[in-house]
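Participant: Fold the following.
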Amino acid sequence: MSSIISVTDIGDALGEPVPAGEFGQVENLIDQAVAAVEGYLHPAGIPYPIPRAVRAVAVRMVVRSLRSEDAGLQPGMSGEMHVAGGFTHQRNFSSSASDGGVWMNRQDKQMLRPFRRRGGIVSVPYEMG
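Facilitator: Presented below is the predicted three-dimensional model:
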């Protein structure tokens, strides 16, 4: 699978270079993000030349996954709250999250919508003669 984004793109989005020891993990997340975008845009696939919005969605998915890991959150969690008085413990999960890796949220899907081609009924003029 050819990649539409690189580890350098992820470093640019994070504001710092990806450490050499994390290249393998980031490349794996990039592959997952590209596969998710390809699956969402199926059957048309990723258009060429690759639009900026498609690249941006893939980068956002990888960065989201890395940031949730850095924050110590379980995959798919958007936040966690602890309160000592009253013993409250709350975990918030993104409604579009999966069981790990990268996930696409509503805004990502909205950004990809112009590039998605769905099957449907079409009318074709027909002349006998």
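
Participant: Just give me the neighbour total for S3.
Facilitator: For S3, the neighbour count with other CB atoms under 10 Å is 13. C-beta: built from backbone N, CA, C; applies to glycine.

Participant: My guess is it contacts D31. True?
Facilitator: Yes. With contacts counted by CB atoms under 8 Å, S3 reaches D31, the gap being 7.2 Å.

Participant: now R52: how far from V62?
Facilitator: For R52, the distance to V62 (CB to CB, to the nearest Å) stands at 16 Å.

Participant: Comparing those two, which residue is more hemmed in?
Facilitator: Taking other CB under 10 Å, R52 and V62 do not tie; V62 has more neighbours (28 against 9).

Participant: roughly how far apart are that one and M128?
Facilitator: From V62 across to M128, the span is 55 Å (CB to CB).

Participant: now do Y40
Facilitator: 41 Å.
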